[in-house]
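Engineer: sequence-free structure coming up:
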């Protein structure tokens, strides 16, 4: 027998900064709220791509690391007691008479009076390594939300972009050893960061790739090979592998829901409404005249969407609820 659908006032699709702030604001308006995301941790592309990068354009914060911002947003959203439905990709959306039904790729059905899409640039799917399915959550990770989980370990980082080098620098003081490999001789990361890594104790091997991962229940080693030297292989004893190979972003399901789109973005009006009743959108995924892609702008769009969703959930509600400071 299938589980009964989960029911909420608002379902937020996307657990990035805009979605997390939207969850807080939904709670401030007294809504029950769920946050759904295909990634296993909240934070969206901030956690996935630049958790250790400093962000300078959030009002009131001269500078803050990406993951610190996400952690603060999760703490703020906790006041709404949101249900986190992580590791679920929204696959189907149907607008009913009195609710919206969203079905995930794992068969979970979520019913909500309103939906807020804050999916950034789409669904993130990590680029895999050999044997990835055997070791996910058992030593293989695609991003590092908490550096201390790798303290004292031998860590292999695979990739040549900013995330790979940021994690190498951050882990070098706390890991037992850090090895970084990249399949090309040139890196995509910022030159200054590359030089810092080369001047550190991090072992950098190019052009190398992963042939296979070893271990019983958890990663115990990785077999790597040089793709410019007849495939010479080397065994590394490591307890953790960070696959910083990037993510494939795909609007995928959003394109099948009947949403008006323009250049791979969802079109909204000034209230953040889409062309589907009860469906709102905010953040990098939306398009309107004058749109500016900043995290701080996404926060405002999320608040606008939630307040306008209030009158859908309760026709007697006011769009503007008053300020959130103490009286």
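Structural biologist: Perfect, thanks for sending it. What you see is a predicted model; the values in this text were computed from it and never measured. Residues are numbered from 1 along each chain as shown.
Engineer: give the contact list for residue 245.
Structural biologist: Going by CB atoms under 8 Å, 6 or more residues apart in numbering, residue 245 touches 126, 127, 128, 129, 158, 159. Glycine gets a C-beta too; all of them are placed from N, C-alpha and C.
Engineer: Can you say which two of those residues are spatially most distant?
Structural biologist: Greatest spatial distance among these (CB to CB): 128 and 159, at 12.7 Å.
Engineer: out of these two, which sits in the busier spot?
Structural biologist: Taking neighbours as other CB atoms under 10 Å, residue 128 and residue 159 compare with residue 159 leading, 23 against 13.
Engineer: now that one: how far from residue 133?
Structural biologist: The gap separating residue 159 from residue 133 is 19 Å, by CB to CB, to the nearest Å.
Engineer: Please apply the same query to residue 296.
Structural biologist: In terms of CB to CB, residue 296 sits 38 Å off from residue 133.
Engineer: Just give me the longest helix of the protein.
Structural biologist: Counting residues, the longest helix in the chain under DSSP state H turns out to be helix 295-313.
Engineer: per-domain residue ranges of the chain.
Structural biologist: Domain ranges of the chain: 6-124+248-313, 128-245, per automatic domain parsing.
Engineer: Can you tell me the SS state at residue 115?
Structural biologist: Put simply, residue 115 is strand when judged by DSSP: H, G, I helix; E, B strand; the rest coil.
Engineer: For it, name its beta-bridge partners.
Structural biologist: Assessed by DSSP bridges, residue 115 has beta-bridge partners residue 11, residue 279.
Engineer: roughly how far apart are it and residue 297?
Structural biologist: From residue 115 to residue 297 the distance is 21 Å (CB to CB).
Engineer: Of the two, which one has the most company?
Structural biologist: residue 115 (28 against 17).
Engineer: so who does that one touch?
Structural biologist: 10, 11, 12, 13, 93, 100, 102, 278, 279, 280.
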